[in-house]
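With the input below, show me the fold.
(one chain, ligands or ions: 2)
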Amino acid sequence: MIIQLHNNITEKDRNALNKILSDNKIKFSEISTQFKKYIIGILSNEIDIRLIGNIEGVKDVHRVTDPYKLVSRKWKVNPTVIELGDGVTIGGNGFTLIAGPCSIESEYQVQKSVEQLKKNNVKIMRGGVFKPRSSPYAFRGLGIEGLKMLHSVCKANGIKIITEVMQVSQIEEMIDYVDVFQVGARNTQNFNLLDALGKVDMPVMLKRGISGTIDELLQSAEYVFFAGNEKLILCERGMRTYEKAYRNTFDINAIPILKEKSHLPVIADPSHGIGIRKHVEKITLAAMVAGADGAMIEMHHEPEIAFSDGQQSLNFEEFDKLVNRLMVLEEGLK
Ligand code: PEP
Ligand code: MN
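Numbering: from 1, shown residues only. Ligands and ions are numbered 1, 2, ... in the order given. Got it, this is the predicted structure:
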């Protein structure tokens, strides 16, 4: 059960509510986000929720049987729109493209990428500076200095930044230089990181875990909301299956299912989803048809020499073509 309180609920109303909860032996948690105050009650027996709804300081009360509550569409029917400022949004109407290299490598590379984004009217750049790599010998990112450089170029050009945060201690040093924190597939169930991201007022995009289920992704999002941050985005990036013909199995089914189960925006990551450059376009188009709110695409001015994930990064010509085809498809779907 989700009880949404008026922000100015009186002490008298709070006490009346507490009495109903304790009389009915309802275990509950109090949640306070950047926007609102909620009480989540775990119901073990039947209760007439009108008793709660009739209290003046209670704005709304809903019965939600899902294991996740606040991210469930059973409670909030309208889609959530994440505002990044300057009119840049994710969710609601429209399809938001995010693009950039797998890893930030140099100022030259960032300049080239930003020019390419501007040419295509893409407002959000991706690019990792803290890279989770399977091998310790692989390129692990330029770190905070790379992020500062990325930020100065993007800021000068009106481009927003999404980049991966790998651990709690990085949040503070990164926060002034990012617009969205990305939680990578290897960290989707790093609950300490999720708790800490719940304490900041900054959008968080959560990728599906490498072998994670849809419910686990939604419960990870619930962690961040529970800790106080409602600005959440979900990302389908493919998962590990027995199939070896491509890098990951992009779960197209997850898109309509996530949209049905949750009010949060859903971004597709076809680059990691298939891991093969020449097929990224088709999977991105499929994600649009499936109802994704946007896509995050790896792109590099010279994929052949990229420090990471060159095999799945589009070159600029391929990216231009993708953008054009997405525009045509979007028109066709109207
Ligand atoms: C990435 O976006 O570069 C990345 C490392 O993705 P994932 O966490 O999905 O593997
Ligand atoms: Mn990558």
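
Correct me if wrong: residue 4 contacts residue 59.
Yes. Between residue 4 and residue 59 a contact is recorded at 4.5 Å, counting by CB atoms under 8 Å. In short, each C-beta sits where N, CA and C put it, glycine included.

Pairing partners for residue 232 in the sheet, please.
residue 204 (DSSP bridges).

So which residues on the stretch 151-300 of the chain come close to ligand 1?
Counting by CB under 6 Å from any ligand atom, the stretch 151-300 of the chain comes close to ligand 1 at 184, 185, 186, 207, 237, 272.

Buried ones among the residues you listed?
184, 185, 207, 237, 272 (16 or more other CB atoms under 10 Å).

neighbours around the closest residue to residue 275 other than its chain neighbours, how many?
Spatial nearest neighbour of residue 275, chain neighbours left out: residue 247 (2.4 Å); criterion: CB to CB, 6 or more residues apart in numbering. Using other CB atoms under 10 Å, residue 247 is surrounded by 18 other residues.

Need the phi and psi values for residue 298.
The phi/psi pair for residue 298 (degrees, to the nearest 10) reads phi -80, psi 130.

Next: residue 38.
The phi/psi pair for residue 38 (degrees, to the nearest 10) is phi -140, psi 160.

Just to check, it is in contact with residue 1?
No. Look at residue 38 against residue 1 with CB under 8 Å: they stay out of range, at 10.3 Å.

neighbour-wise, which of those two wins?
residue 38 (23 against 20).

Which residues are in contact with that one?
Counting by CB atoms under 8 Å, 6 or more residues apart in numbering, residue 38 touches 2, 3, 4, 5, 30, 31, 32, 70.

Just the buried ones from those, in ChimeraX syntax?
Command for ChimeraX, covering only those of the contacts of residue 38 found buried under the criterion 16+ other CB under 10 Å:
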select :2,3,4,5,31,70
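
Throw the contacts of residue 38 into TSV and include pLDDT, secondary structure and distance to residue 198, thanks.
TSV is the format used below for the contacts of residue 38 (pLDDT from 0 to 100; DSSP: H, G, I helix; E, B strand; the rest coil; distance: CB to CB, whole Å):
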residue	pLDDT	secondary structure	distance to residue 198
2	95	strand	17
3	95	strand	19
4	95	strand	18
5	95	strand	18
30	95	strand	14
31	96	strand	9
32	96	strand	11
70	96	coil	11
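
Dump the contacts of residue 38 into a markdown table; add distance to ligand 1 as well.
Listed next are those as a markdown table, based on distance: CB to the nearest ligand atom, whole Å:
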| residue | distance to ligand 1 |
| --- | --- |
| 2 | 30 |
| 3 | 35 |
| 4 | 33 |
| 5 | 36 |
| 30 | 32 |
| 31 | 27 |
| 32 | 30 |
| 70 | 24 |
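
can I assume residue 163 sits in a strand?
Yes. Under DSSP: H, G, I helix; E, B strand; the rest coil, residue 163 falls within a strand.

got the contact list for it?
104, 126-130, 147, 150, 174, 178, 180-182.

Where does the stretch 151-300 of the chain get nearest to ligand 1, residue-wise?
The minimum distance from the stretch 151-300 of the chain to ligand 1, using CB to the nearest ligand atom, falls at residue 184 (3.0 Å).

Could I get the pLDDT score of that residue?
On pLDDT, residue 184 comes in at 98.

How about residue 49?
Looking at residue 49, the pLDDT reads 89.

Hmm, it is touching residue 1, no?
Yes. Between residue 49 and residue 1 a contact is recorded at 6.6 Å, counting by CB under 8 Å.

Is it correct that the residue nearest to residue 275 falls within a strand?
No. Residue 247 is assigned coil when assessed by three-state DSSP, not a strand.

Please renumber the chain so that the first residue is 656 from this point on.
In the new count, where the first residue is 656, that last one comes out as residue 902.

any idea how far it is from residue 840?
Noted for residue 902: a distance of 12 Å to residue 840, by CB to CB, to the nearest Å.

and what of residue 830?
For residue 830, the distance to residue 840 - CB to CB - is 22 Å.

swap in residue 674?
45 Å.

Equivalent analysis for residue 685, please.
In terms of CB to CB, residue 685 sits 31 Å off from residue 840.

what kind of secondary structure is the closest residue to residue 819 other than its chain neighbours in?
Excluding the flanking residues, the one nearest residue 819 by CB to CB, 6+ apart is residue 837, at 4.4 Å. Secondary structure assignment for residue 837 (three-state DSSP): strand.

could you point out where the stretch 656-805 of the chain is predicted with low confidence?
By pLDDT under 70, the stretch 656-805 of the chain contains no weakly predicted segment.

Let me see the ranges of the helices in the protein.
666-678, 705-708, 762-774, 798-811, 823-829, 846-852, 869-881, 909-916, 925-929, 932-945, 971-988 (DSSP state H).

Kindly reformat the ones you listed as CSV containing distance to residue 745.
Listed next are those as CSV, based on distance: least, CB to CB, whole Å:
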stretch, distance to residue 745
helix 666-678, 34
helix 705-708, 32
helix 762-774, 16
helix 798-811, 16
helix 823-829, 19
helix 846-852, 16
helix 869-881, 14
helix 909-916, 13
helix 925-929, 17
helix 932-945, 14
helix 971-988, 15
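
and the residue of the stretch 856-989 of the chain nearest ligand 2?
With CB to the ion, the shortest gap between the stretch 856-989 of the chain and ligand 2 falls at residue 964, namely 3.7 Å.
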